[in-house]
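> Dropping the sequence and predicted coords here.
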Amino acid sequence: QPMHKMTFFPLGNADCCRIDLDCGKKILFDFADTRDPEDKNDLRCDLPKELRDDLETCNRDYFDVVAFSHLDKDHFSGATDFFYLEHAKKYQGEDRIKINVMWVPAALITEQRPDDDEARILQKEARYRFREGKGIRVFSRPERLRQWCEENGIKLDDRLQMISDAGELAPEFSLSADKVEFFVHSPFAVRQNENTVEDRNEDSLVMQVTFEIDRVQTKAVLLADSTHEILSDIVDITRSKGNDQRLEWDIAKLPHHCSYLSIGPEKGKNKTKAVEQVDWLFKEQGQDGAVAVSTSKPIPEAGTDEDKDDQPPHRQAAEYYNEVISGLGGQFVVTMEHPTANDPKPVVIEIGKTKGTLKKSVLGAAYVVTSQRAPRAGSRG
């Protein structure tokens, strides 16, 4: 049967999502090879092997699109060892995986002197492709990008076909040709702090993906490392334009490894209290039977050392998401707990005419169980 797939890999507090389209195209959102091969107790997956094995099975050595949501290490670690990069021969070995089109926020190009070696290499690649005028799509066109173009002898007007703003569809895919479309929510073209230093979370890629199979649409939101302030802006802007449907979701890649700061300003004792816009996004726009994925370490238990850690995941945020998902009759999945915390495996969501269904590996068995739900007409009121 026709089917798309989304796969989230167990990488600790790090991100990589592979989207396999029914037409055969492959998209990767972020790449963070965080596993320590010398540590036998490291339960994170061998991401390069997972991706290579899949590509070899499909007889290809490239992704149609690789998106880097922003230049934080937990979204690109190891990428410069894995991918074939156009800007320098030292990154062009035969075993490297090619990128047909690179998706990046404008801030990835304009950021001044990233403090990480790999970040600087990825920036060189993005800048090279942008100068060459091919193999890249840049999201938003802030004044910083125009200034960078002027400083580098590039006419921004000659690159407009490679730039997409918030509120637009990425033109590499369409519902008619590929049965998928990507709607851009962030970064915004203009922000109040336009001329200040880039904020990577502010400027990261946030998108709604709409999949279609047999006229049944399934919607996913990829929320990067958005804070509650950014999500509030996205909600306010989207609703002001009458585009509420662009924030509907059957599948959510939850923001920032289950951090409470993506929900509200205070962690809370037992559960984080959401600001109004975030609460609307999750509770009103989530569809019946939705799947929410936390790309994170296991959720800590109350009173443990992990629970006292300032870094995510936060138990109080997980309590909020569990409340949301309980109200939708759906599933809340943590990548480092699926199917068990002792043996995490990739989270695979199959998207077909029964919408998004979580594929569950059954330990010790030679078969797979998939919980399905019936397609529904219309959206939640």
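That came in fine, so what should we check first?

> Just confirm A341 contacts P298, I think it does.
Yes. With contact defined as CB atoms under 8 Å, A341 counts as touching P298 (4.8 Å). The way it works is simple: take the backbone N, C-alpha and C, and place the C-beta from them, glycine included.

> of these two, who's got more company?
P298 (19 against 14; other CB atoms under 10 Å).

> Any regions of the protein where pLDDT drops low?
189-201, 361-381 (pLDDT under 70).

> Going along the chain, name the strands of the stretch 101-250 of the chain.
Along the stretch 101-250 of the chain, the stretches classed as strands by DSSP state E, counting those that start in this stretch are 136-139, 163-164, 180-186, 206-213, 216-222, 249-253.

> do you know how far I230 is from L223?
I230 sits 9 Å away from L223, going by CB to CB, to the nearest Å.

> Kindly apply the preceding question to L328 instead.
Applying CB to CB, the value for L328 to L223 is 16 Å.

> which ones are touching the most centrally placed residue in the chain?
Compute the mean C-alpha point of the chain, and by CA atoms, centre = their mean the closest residue is L222, 4.4 Å away. When contacts are counted by CB atoms under 8 Å, 6 or more residues apart in numbering, L222 is found next to 17, 29, 69, 205-209, 253.

> Could you rerun that using 6 Å?
29, 207, 253 (CB atoms under 6 Å, 6 or more residues apart in numbering).

> picking up where we left off before, how about the strands of the stretch 101-250 of the chain, which one is nearest K241?
strand 180-186 (11.4 Å; CB to CB).

> more crowded one of L328 and L223?
Ranked by neighbour count (other CB under 10 Å), L328 and L223 place L223 first, with 25 against 21.

> pretty sure that one contacts P255?
Yes. Taking contacts as CB atoms under 6 Å, L223 lies within contact range of P255: 4.0 Å.

> List the buried residues for stretch 339-347?
344-347 (16 or more other CB atoms under 10 Å).

> To what extent is the spatially closest residue to V334 that is not a sequence neighbour buried, counted in neighbours?
Nearest residue to V334, sequence neighbours excluded (CB to CB, 6 or more residues apart in numbering): S294, at 4.7 Å. By other CB under 10 Å, 30 other residues sit near S294.

> Doesn't F31 belong to a strand?
No. Counting by DSSP: H, G, I helix; E, B strand; the rest coil, F31 is located in no strand; its state is coil.

> my guess is it meets C16, correct?
Yes. Applying CB under 6 Å, one finds F31 in contact with C16, separated by 5.3 Å.

> picking that back up, could you dump the buried residues of stretch 339-347 to a markdown table with distance to Y84?
A markdown table is the format used below for the buried residues of stretch 339-347 (distance: CB to CB, whole Å):
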| residue | distance to Y84 |
| --- | --- |
| P344 | 29 |
| K345 | 28 |
| P346 | 24 |
| V347 | 27 |
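
> Can you tell me which of those residues end up in strands?
V347 (DSSP state E).

> Return the member of the buried residues of stretch 339-347 nearest to W249.
V347 (15.9 Å).

> For the residue nearest to the closest one when sequence neighbours are not counted, give its distance to L222.
Leaving out its chain neighbours, the residue that sits closest to V347 by CB to CB, 6+ apart is F8, at 4.3 Å. Look at F8 and L222: by CB to CB, they are 10 Å apart.

> quick one: the closest residue to R96 other than its chain neighbours from D61, how far?
Distances taken as CB to CB, 6+ apart put Y84 closest to R96, at 3.8 Å, once the chain neighbours are dropped. Note on Y84: its distance to D61, by CB to CB, is 8 Å.

> between those two, what contacts are shared?
K98.

> Spit out the contact partners of the residue nearest to V334.
By CB under 6 Å, 6+ apart, S294 lies in contact with 254, 258, 334.

> ok, the second one touching Q316?
No. Taking contact to mean CB under 6 Å, the distance of 9.6 Å between C258 and Q316 leaves them out of contact.

> So for the two, which sits in the more crowded spot?
When C258 and Q316 are compared for neighbours, C258 comes out ahead with 28 against 22, by other CB under 10 Å.

> where do the helices sit along the protein?
For the chain, helices defined by DSSP state H occupy the ranges 47-57, 79-82, 106-110, 117-132, 143-151, 175-178, 228-240, 276-279, 305-308, 315-328.

> Comparing these, which stretch has the densest surroundings?
helix 106-110 (a mean of 23; mean count of other CB atoms under 10 Å).

> How about residues contacting that helix?
Against helix 106-110 from outside (CB under 6 Å, 6+ apart): 71, 126-127, 138, 140, 142, 144-145, 148, 198, 203.

> I'd like those residues written out as TSV, with distance to F188 added.
Shown next, in TSV, are the contacts of helix 106-110 (distance: CB to CB, whole Å):
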residue	distance to F188
L71	18
A126	19
R127	22
V138	14
S140	6
P142	8
R144	13
L145	13
W148	17
E198	13
D203	9
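
> Among the residues you listed, which one lies nearest to K355?
The closest of these, once distances to K355 are taken by CB to CB, is S140, at 30.8 Å.

> shouldn't Q331 be in contact with V291?
Yes. In this structure Q331 lies within contact range of V291 using CB under 6 Å: 5.0 Å.

> Who has more neighbours out of those two?
Ranked by neighbour count (other CB under 10 Å), Q331 and V291 place V291 first, with 25 against 19.

> The more buried one pairs with what?
I251, Q331 (DSSP bridges).

> which ones are touching it?
Contacts for V291 (CB under 6 Å, 6+ apart) come out as 251, 330-331, 349, 356, 358.

> PyMOL command to pick out the buried ones of those?
Buried residues among the contacts of V291 (16+ other CB under 10 Å), as a PyMOL selection:
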select buried, resi 251+330+331+349+356+358
